[in-house]
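S.K.: Build me a model:
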Amino acid sequence: MSSVNTKPLKERSPLGSLVSHLLRDRLAIIGLVLVILITSSAILAPVIVPHNPNKLNVRYRLKGPSADHWLGTDQLGRDVLSRVIVGSRIALQVALVSISIAVFFGLILGMMAGYGSKKTGRYLNYFI
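M.R.: Have a look, this model is predicted:
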């Protein structure tokens with residue numbers, strides 16, 4: 001006689017299922033690492049910038065990448081890496097503000113469509 005394991009399989013939570021699918025997809029992991037790297041560098045910009053991004057140094061203008069300036073310098077001698085990091089901070093702030101505005105209006109329209117009458121839902125369909 002063969003013994004059959006009759007234990008019921010443990011069902012995964014939705015979060016556990018998402019994590020297991022994510023760990024199997026290499027491109028998703030690469031994308032997640034890039035998003036975390038860019039976001040953390042924007043948040044930690046005042047701590048990690050190697051040079052003042054606005055300081056002019058015309059002696060070092062248009063220099064290529066080196067140990068001191070990893071991405072080189074621009075036409076005014078400013079460090080390009082420092083300017084990219086500080087620029088990503090500004091871009092992240094603009095993105096957060098625009099996403100917050102979109103979520104605010106989306107929630108209002110969604111609540112109006114969901115909790116309002118059928119007439120309200122049909123009226124909102126013209127705008128969405």
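S.K.: could you list every residue that touches the closest residue in space to residue 76 that isn't next to it in sequence?
M.R.: Nearest residue to residue 76, sequence neighbours excluded (C-beta to C-beta, 6 or more residues apart in numbering): residue 56, at 5.1 Å. From N, CA and C alone the C-beta is placed, and that goes for glycine too. Neighbouring residues of residue 56 by C-beta atoms under 8 Å, 6 or more residues apart in numbering: 76-78.
S.K.: Please apply the same query to residue 116.
M.R.: residue 124.
S.K.: how far away is it from residue 126?
M.R.: 14 Å (C-beta to C-beta, to the nearest Å).
S.K.: repeat for residue 84
M.R.: Taken as C-beta to C-beta, the span from residue 84 to residue 126 is 43 Å.
S.K.: Go ahead and flag the most central residue of this protein.
M.R.: residue 35 (4.8 Å; C-alpha atoms, centre = their mean).
S.K.: I'd guess it is in a strand, am I close?
M.R.: No - secondary structure of residue 35 (DSSP: H, G, I helix; E, B strand; the rest coil): helix, not part of a strand.
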